[in-house]
Every structure is written in C-alpha cells, then in structure tokens.
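[1] got a structure for you, letters missing:
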C-alpha cells in the first residue's frame, strides 16, 4: 500500500504544471516617469524610464514595494494572480491541480509596473498609459518568414515597407510572389503557366490601447486590405450518374483564382536588440473568393466525383464561387528591421 501511495503522489507531482514549470520566483520589471527609488526587501534600488527587474517570491500575499520620488513616498501592495500555467492541467484532466492548489508556484505578480506622479493629487500612482512612441518618418522593412513554408496555401517570398506619416500612425505596402516553376496543383495537361502573387496595404494606429499592461511595448490596431491571385492547372475524375460508376472520366482544366481579404488586426512589436523586431498579430475579417475555371466539363447536376479522387481533390477550392464572402481569421508574424 505504501508503494501504491508513493506512486500516486509521484504521478500527481509529475502532472502538476505550475509546480513543475514555474520557479519559486517571478520577474517583475519596474520603471518610473522620473528618477526615483524603490525599497524592496530592505534593498534600495534606483529606477527610471528604463525597466529594472526584481525577483519576487511567488506567494498568495501581496507584493510590497515602497516608491520614493523627491519628497513623496508611498507603499504599494501588488495583488497576486493565478499563473496561466495552471490552465495546462487541462491536458491531464485537472489531476495536476491537486498538487498545484497547495503550491505557492501557482501565483504570479504583474510582469510590468510603471509609477508616475499625478500632478493633480501630487501623489505616486501606477499607470498603464503608453510611454513608447514610434516617431514620424520611422521606416520599417519586413518579410513573412513563415510564408516561405506555407504548405496550407501557396509558399511565397514577400517584402514589405512600413512608413510612419506621423507619430504612432503608419502606412504599409507589401508584395509577394511564389517560387519560379513551382507546381501549384497536380496536373497532366498545361493550359496556363502556373504562378501566384499577392499584395497588401495596411494602416496602423499604435499605442492607443494597452492590452499587455506594458507601457514600453508597442501595440497597434490595424486595417488590412490584401489580394491573392493565382492560376494553376488541375484535373478531376468523375462518373456519369447514369452509367457504370467504375468507369470514370478524367477532366483536365485550369483555374484563375482571386482572393480578396479585409481584416481588422491587433498586433504587438517585440524588439530584438535596437533594430530588429517581430510583429505578432491576429485579425478578423472577411475573405471573398472568385474562381474562373477554363476547359472544365464537370457538371454536378449530371456527374459524381469519382470515389478514388475524393477527398484528396481540393473540392472546397473547386467550387465556382461568385464573390462569396467567408469569415477570415488570421494569425501570424513578421520579421523586420527598423531604419
């Protein structure tokens, strides 16, 4: 029985995500609008606009930090929160929570704290107002590294530019093209030269929101217009509804496809050193597809797709949509350089 109990405890411990993945301390980055000092664990630390990191012991208790600015002094008690790693216990059906709920590692503190002086009340307060600014005439060049290996669509090489016409407001343009001599679809007969290209225009408003609670991080809301054009050759196997279903007909054809996308986006710029950055974004909008099939004889009213050909055939792409709109969800990242 002792061995069984030991095994149960061991299994629960190994499945407790917060206890395994979280260290006993958590990093908190602190900054201020003016040269100031904080007292943390009897240590006096100078802080200013550039963030200074401290390591706080994870605990259910509030984190005490004393801020000193000129003649002002104030104690702050920062409430703890549950760590997001607790959610990973979903994969073990919550068994890991049995251990995590008794561990201080389940707690965390806000990752970023920024202290300012309120001129009206002459008091020190916590602020979430952005202090970072992307100034007028800033210029970015970027690309999409993931799109080079976009096997769910068409792999393309892209290059884009982003220019700030005023502080925190930018316009961008981008162009992409697929690899030369790339076979976009299976085919035996060639009616068209296979090729694809894309272009994108976007406008962004930076630092009007702060979902990350980090005053130093550049966040934006954007509106995107994008179009993807491609042409390719393909074939489809089908049978006549009134004849032997084992005797299929191979129909070779070509398609010209146009996809138009309108997106509302939210993104974050993650700096890499002083010049490079990653732009992680997500977006929601509409996708409008238009297909123009050439030399196609298949007619769904009198033909059936041949069983051996379906579902490997791109039937969703094959339908002749006439400017039909779909919900579009985007998720991706760019890599760029700041000039």
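    Sure, I can see it. Treat the numbers as computed from the prediction; the structure is a model and nothing was measured.
[2] list the contacts for the closest residue to residue 153 other than its chain neighbours?
    Closest residue to residue 153 apart from its sequence neighbours, by Cβ to Cβ, 6 or more residues apart in numbering: residue 228 at 7.9 Å. For glycine as for every other residue, the C-beta is placed from the backbone atoms N, C-alpha and C. For residue 228, the contacting residues are 153-154, 196-198, 257-259, 261, by Cβ atoms under 8 Å, 6 or more residues apart in numbering.
[3] just residue 58 next, same as before
    Contacts of residue 58 by Cβ under 8 Å, 6+ apart are 22, 24-26, 80, 83, 104-109.
[4] just put the residues you listed in JSON lines and tack on secondary structure.
    What follows is the contacts of residue 58, written out as JSON lines (DSSP: H, G, I helix; E, B strand; the rest coil):
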{"residue": "22", "secondary structure": "coil"}
{"residue": "24", "secondary structure": "coil"}
{"residue": "25", "secondary structure": "strand"}
{"residue": "26", "secondary structure": "strand"}
{"residue": "80", "secondary structure": "coil"}
{"residue": "83", "secondary structure": "coil"}
{"residue": "104", "secondary structure": "helix"}
{"residue": "105", "secondary structure": "helix"}
{"residue": "106", "secondary structure": "helix"}
{"residue": "107", "secondary structure": "strand"}
{"residue": "108", "secondary structure": "strand"}
{"residue": "109", "secondary structure": "coil"}
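[5] which stretches in the stretch 1-150 of the chain count as helices?
    Residue ranges of the helices in the stretch 1-150 of the chain, as given by DSSP state H, counting those that start in this stretch, are 2-14, 17-21, 97-100.
[6] so residue 230 bridges to which residues?
    residue 196, residue 257 (DSSP bridges).
[7] quick one, what contacts it?
    Counted by Cβ under 8 Å, 6+ apart, residue 230 has contacts 154, 178, 184, 195-197, 256-257.
[8] about what we covered before: quick one, which of the contacts of residue 58 are buried?
    Taking 16 or more other Cβ atoms under 10 Å as the criterion, what is buried in the contacts of residue 58 is 22, 26, 80, 83, 105-109.
[9] distance to residue 135 and pLDDT added to the contacts of residue 58, as CSV?
    Shown next, in CSV, are those (distance: Cβ to Cβ, whole Å; pLDDT from 0 to 100):
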residue, distance to residue 135, pLDDT
22, 38, 68
24, 41, 83
25, 37, 88
26, 33, 90
80, 37, 89
83, 37, 74
104, 43, 75
105, 42, 76
106, 42, 78
107, 39, 83
108, 34, 87
109, 32, 91
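[10] before we move on, back to that, the contacts of residue 228, buried ones only, as a ChimeraX selection?
    To isolate the buried ones among the contacts of residue 228 in ChimeraX, judged by 16+ other Cβ under 10 Å, type:
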select :154,196,198,257,259,261
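[11] what is the nearest of the contacts of residue 228 to residue 125?
    residue 261 (42.4 Å; Cβ to Cβ).
[12] chain neighbours aside, what residue packs nearest to that closest one?
    Counting by Cβ to Cβ, 6+ apart, the residue nearest residue 261 is residue 226, at 4.3 Å.
[13] low-confidence stretches in the stretch 1-150 of the chain?
    1-22, 86-102, 150 (pLDDT under 70).
[14] beta partners of residue 293?
    Bridge pairing for residue 293 - DSSP bridges - gives residue 255.
[15] correct me, but it touches residue 257?
    No. Counting by Cβ atoms under 8 Å, residue 293 stays clear of residue 257, with 9.5 Å between them.
[16] element containing the residue nearest to residue 153?
    Residue 228 is part of strand 218-240, with elements assigned from DSSP states H and E.
[17] and that strand, how far out from the chain's middle?
    Strand 218-240 sits 20 Å away from the centroid of its parent chain (Cα atoms, centre = their mean, to the nearest Å).
[18] what comes up buried for that strand?
    Buried-residue list, strand 218-240, by 16+ other Cβ under 10 Å: 218-220, 222, 224, 226, 228, 230-239.
[19] ok, residue 232 - contacts?
    Contacts of residue 232 (Cβ under 8 Å, 6+ apart): 184-185, 187, 192, 194, 196, 254-255, 257.
[20] same thing with residue 328?
    Contacts of residue 328 (Cβ under 8 Å, 6+ apart): 261-263, 283-287.
[21] mind checking how far it is from residue 261?
    For residue 328, the distance to residue 261 equals 6 Å [Cβ to Cβ, to the nearest Å].
[22] pretty sure residue 209 sits in a helix.
    No. Residue 209 is assigned coil when assessed by three-state DSSP, not a helix.
[23] list the beta-bridge partners for residue 65.
    Going by DSSP bridges, residue 65 forms beta bridges with residue 76.
[24] list the residues that contact the residue lying closest to residue 227 once chain neighbours are set aside.
    By the measure of Cβ to Cβ, 6+ apart, the closest residue to residue 227 outside its immediate chain neighbours is residue 260, 5.2 Å from it. Neighbouring residues of residue 260 by Cβ under 8 Å, 6+ apart: 225-227, 287-288, 290.
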